[in-house]
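>>> requesting a structural model of the entry that follows:
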Amino acid sequence: MRSGIAQFLRYLATERNASDLTIKAYREDLFGLIDWLETSRGKIPRPDSLSPQDLRAFQAALQEAGYARTTIARKLASLRSFYRFAIRQGIATENPAKPLRNPRQQRKLPLVLSTAEIGRLLSAPPANETAGLRDRAILETMYSAGLRVSELVGLRDGDLDESEQIIRVRGKGRKERISPLGSYAIKAIKRYRRKRTRHPKTDALGRQAPVFVNRFGRILTTRSVGRMLEKHIAAAGLDSRISPHSLRHSFATHLLDRGADIRSVQELLGHKSLATTQIYTHVSTANLRQVYERAHPRAR
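Now for the predicted structure:
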């Protein structure tokens, strides 16, 4: 089992060009099954000896342990992918994860900031110091292009075309897309770059050097962006539940509210499936309902 999983992870890295985060998630999901098998069964069986009943017991154990439904669904998806690979490699003959049903999801509407709240957040970082200029540029860029945090920290100087006001973004599965940047984001990036100081080894990377760096002049981590946002959310007096992804949610919702078609928003977000983008139409409808109920004399 361990050997099969190791082969699968190498396959993801070398042939599927999966991101480090994707491989990490698969590793945690699959070795989580191994840990459970060792604890509950006292041994690790071969991949071809596991049955759907075994995996249903594993799923039940995850539910009893309090895992979120989305997490359980992801772990089951990881098992299905592993077994598809195992069948192709002759490690297994059947996919015992195939009959398993994902837990019914409770679909929550994403947390979206109003345009006024976005304005408060974007003006929260102080403009009289390099760190503040960097934070403003980060927030403007994330909101302007609807970026994931991983996409933001992965931006390189060669990805940015200030004259055309576009950036090249590396999304999930390392798929690339071109995204426009608004004038506010471009101006914020220019102001930051004039003050930016990068570590010599980082600067030597040339066009492959990161756009945004930490106080030591090295590439930012996704966690450091999260901590930065928490600080400015508090300074702006906004909801503490706001996360970096809330800027991406707000980007999509504000575009739809102002008449953008959903296919264009799907392309801008880098969503593979239109169904993933459609949640924002529900958010827009909810906003319209609130406006209607406030304004229409016979709404209530």
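>>> make it CA atoms for all contacts and neighbour counts henceforth
Fine.
>>> after the helix or strand where residue 168 lies comes which helix or strand?
Assessed by DSSP states H and E, residue 168 sits inside strand 166-170. Using DSSP H and E, the next helix or strand after strand 166-170 towards the C-terminus is strand 176-180.
>>> does the residue nearest to residue 197 when sequence neighbours are not counted count as helix, strand or coil?
The shortest distance from residue 197 to any non-neighbouring residue, by C-alpha to C-alpha, 6 or more residues apart in numbering, is to residue 217 (5.9 Å). Secondary structure, DSSP: H, G, I helix; E, B strand; the rest coil: residue 217 is coil.
>>> one step back: which neighbours does the strand holding residue 168 have in its sheet, and in what orientation?
With DSSP bridges as the test, strand 166-170 is paired with strand 160-161 (antiparallel), strand 176-180 (antiparallel).
>>> winner for burial among those?
Comparing those by mean neighbour count (mean count of other C-alpha atoms under 10 Å), strand 160-161 ranks first with a mean of 18.
>>> list of residues touching that strand?
166-168 (C-alpha atoms under 8 Å, 6 or more residues apart in numbering).
>>> what does stretch 219-232 give?
In contact with stretch 219-232 (C-alpha under 8 Å, 6+ apart) are residues 121, 124-125, 135, 149-150, 153, 202, 210, 212-214, 240, 243-244.
>>> pick out the most distant pair among those.
The two members of the contacts of stretch 219-232 with the most space between them (C-alpha to C-alpha) are 202 and 240, at 33.4 Å.
>>> those two: who's more crowded?
Legend: neighbour count by other C-alpha atoms under 10 Å for residue 202 and residue 240, higher for residue 202 (16 against 11).
>>> ramachandran angles for the more buried one?
Backbone torsions of residue 202, given as degrees, to the nearest 10, read phi -70, psi -50.
>>> contacting residues around it?
209-210, 217-219.
>>> still on that earlier bit, mean pLDDT for the strands paired with strand 166-170: which is lowest?
Mean pLDDT values for the strands paired with strand 166-170 show the minimum at strand 176-180, a mean of 91.
>>> distance between that one and the chain's centre?
Computed by C-alpha atoms, centre = their mean, to the nearest Å, the chain-centroid distance of strand 176-180 equals 16 Å.
>>> residues contacting stretch 182-191, please?
Taking C-alpha under 8 Å, 6+ apart as the rule, stretch 182-191 contacts 133-134, 136-138, 140-141, 144, 162, 165.
>>> how about those residues in JSON lines, adding neighbour count and secondary structure?
Shown next, in JSON lines, are the contacts of stretch 182-191 (neighbours: other C-alpha atoms under 10 Å; DSSP: H, G, I helix; E, B strand; the rest coil):
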{"residue": "133", "neighbour count": "22", "secondary structure": "helix"}
{"residue": "134", "neighbour count": "26", "secondary structure": "helix"}
{"residue": "136", "neighbour count": "26", "secondary structure": "helix"}
{"residue": "137", "neighbour count": "24", "secondary structure": "helix"}
{"residue": "138", "neighbour count": "25", "secondary structure": "helix"}
{"residue": "140", "neighbour count": "27", "secondary structure": "helix"}
{"residue": "141", "neighbour count": "23", "secondary structure": "helix"}
{"residue": "144", "neighbour count": "21", "secondary structure": "helix"}
{"residue": "162", "neighbour count": "15", "secondary structure": "coil"}
{"residue": "165", "neighbour count": "14", "secondary structure": "coil"}
